[in-house]
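Engineer: sequence first, then the predicted structure, then my questions.
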Amino acid sequence: MPTTWNRSPEEFHKIYIANTDAFYKVGSSSLAPQLDEFLTSCALGLWNRSGGITERHVEMANQIYSRNRPQPKWLLWNLTSSVCEKDLFTPPAFFWNLAESDAKRGSETSRTFIRMLTNILMYLAATDDDVTYAEAEFITEAIDKLTAICDTTGVRKSKDTLNPLDYVTSSDPGFLARRGTQSSSGSAAETQSAKEAVQQEKPDLDELMDELNELVGLEEVKKDIKNLMNLVKVRKLREQNGLPVTPMSLHMVFLGNPGTGKTTIARLVSGLYAAIGVLSKGQLVEVDRAGLVAGYVGQTALKTQEVIRAALGGVLFIDEAYSLSSGGENDFGREAIETILKAMEDHRDDLIVIVAGYTDPMEKFLSSNPGLESRFNKYFFFPDYNGEQLMAIFEGKLKKNSYVLSDEAREEARKLFDEMYENRTENFGNGRDVRNCFEDMIVRQANRVAEMEAPGKEDLMQVLPEDLRDPEEVPESGTDAE
């Protein structure tokens, strides 16, 4: 997979604007609303075939808007829900009009549109640094359907589009197969086939435990998760043998700073519980206050119920949960809390809720409602990563993306992360700060290599000390957390 496809959300938006502007030069800018809606639909269908939906996908979805158009505001939970509902590619009505106009005028606007769509979909497929065969199939299907319209209407041939199969880097199963979510479209036979595929793709306990063990740091958290898994498995065995079991709440509280792996552990917990039969699906639905609380009386309950429905069979992960109780007695966050507490009771056999946030605010949050204290009795503390652990996370990103530190750069990196840990503030981003450093390093290294006359493969991979810091840069911690 060429690394040039992997871009930040901001860079992708520039690419999106460049492609759409180029299309408007031969088309019409009045198509902007229809185009944005169509390309968003394409992104949903494409990610339906991907291995999972993450915050990265949310960031990219929020960059799909044309010049002078409002920016969308997707959240993880509603993007996940929308992706689950989108599967098939359908050519838009405006494309038929373009093709028919081209046939009459002898122009090739519709062919230009296909090239533009291919470019954008290739970038969107590479959002998670990995293009699966299923994603490539979706892009090919889209290209073939649009090309068939051009051929039918008699639009003249033009330059071939990219072949998505040339960029496949993985054959992992898609989002629906891995998460057990069914599309609303398709025949009964297709639905049954999908159900069988879901059963075959049930989370593998050993693989998930291996993934847990491979995480950097978090030794106490790992130990507590393993103890909890053993306890749950023994409880199920006792139930199967007709032995009594004491009541037990599986809901959890994750305490710690941003970037300490809370979301990653929540995702693993959802899969682990599905693997041993505690949860029916094992999906993770991540949400914050904005995804639960509405601005008018009565709407918060409906919005929260919609999130809960998406999480049934899996884990509802509420980040910065303390914000739900920080607005006073008349704040709508209280309504969200009451709705969640009721759902925890009504769906106690197939829903796990994990609340997360900074330690002190979370303690106040849990004491704000008697129902919260009684339902959450498992606490996991996520400590800050030290310099050595930050370095290990950084090296993992280097390895995954085929970058190699020179000896001098390795020493510089160790020094950088030791300083980052020692000088950390209350806004310390932990793993997110590492990711920011990694992305900054990529830009600096690219700028340096671009000035070489004929860089080779080793030049493209090697990281030097000057790639790790800007000149005269004073080391800082506490970058913005996501």
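Structural biologist: Looks like it came in fine.
Engineer: all the strands of the stretch 151-300 of the chain, residue numbers only.
Structural biologist: In the stretch 151-300 of the chain, the segments counted as strands under DSSP state E, counting those that start in this stretch are 252-256, 284-287.
Engineer: which of these has the lowest mean pLDDT?
Structural biologist: Ranked by mean pLDDT, the strands of the stretch 151-300 of the chain bottom out at strand 284-287, with a mean of 89.
Engineer: and that one, what does it pack onto?
Structural biologist: For strand 284-287, the contact count by 3 or more CB pairs under 8 Å, 6 or more residues apart in numbering; DSSP states H and E identifies helix 76-84, helix 262-275, helix 299-311, strand 315-318 as packing neighbours. Glycine gets a C-beta too; all of them are placed from N, C-alpha and C.
Engineer: mind listing residues that contact that strand?
Structural biologist: For strand 284-287, contacts defined as CB atoms under 8 Å, 6 or more residues apart in numbering pick out 55, 75-77, 80, 263, 266-267, 270, 307, 310-311, 314-319.
Engineer: could you rerun that using 6 Å?
Structural biologist: For strand 284-287, the external contacting residues (CB atoms under 6 Å, 6 or more residues apart in numbering) are Leu76, Trp77, Ala266, Arg267, Ser270, Val307, Ala310, Ala311, Val315, Leu316, Phe317, Ile318.
Engineer: redo these as JSON lines? Include neighbour count, pLDDT and distance to Phe428.
Structural biologist: Converted to JSON lines, those look like this (neighbours: other CB atoms under 10 Å; pLDDT from 0 to 100; distance: CB to CB, whole Å):
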{"residue": "Leu76", "neighbour count": "22", "pLDDT": "81", "distance to Phe428": "23"}
{"residue": "Trp77", "neighbour count": "25", "pLDDT": "74", "distance to Phe428": "27"}
{"residue": "Ala266", "neighbour count": "25", "pLDDT": "92", "distance to Phe428": "20"}
{"residue": "Arg267", "neighbour count": "21", "pLDDT": "91", "distance to Phe428": "22"}
{"residue": "Ser270", "neighbour count": "28", "pLDDT": "91", "distance to Phe428": "27"}
{"residue": "Val307", "neighbour count": "23", "pLDDT": "88", "distance to Phe428": "29"}
{"residue": "Ala310", "neighbour count": "19", "pLDDT": "87", "distance to Phe428": "32"}
{"residue": "Ala311", "neighbour count": "28", "pLDDT": "90", "distance to Phe428": "29"}
{"residue": "Val315", "neighbour count": "27", "pLDDT": "93", "distance to Phe428": "26"}
{"residue": "Leu316", "neighbour count": "29", "pLDDT": "94", "distance to Phe428": "27"}
{"residue": "Phe317", "neighbour count": "28", "pLDDT": "93", "distance to Phe428": "21"}
{"residue": "Ile318", "neighbour count": "27", "pLDDT": "93", "distance to Phe428": "22"}
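Engineer: farthest pair within the residues you listed?
Structural biologist: The span of those, defined through CB to CB, is set by Arg267 and Val307 at 16.7 Å.
Engineer: any weak-confidence spans in the protein?
Structural biologist: Residue ranges of the chain with pLDDT under 70: 1-7, 22-29, 51, 128-130, 156-203, 296-298, 327-330, 471-482.
Engineer: give me the residue at the spatial middle of it.
Structural biologist: Centrality entry for the chain: nearest residue to the mean C-alpha point is Thr54, 0.7 Å, by CA atoms, centre = their mean.
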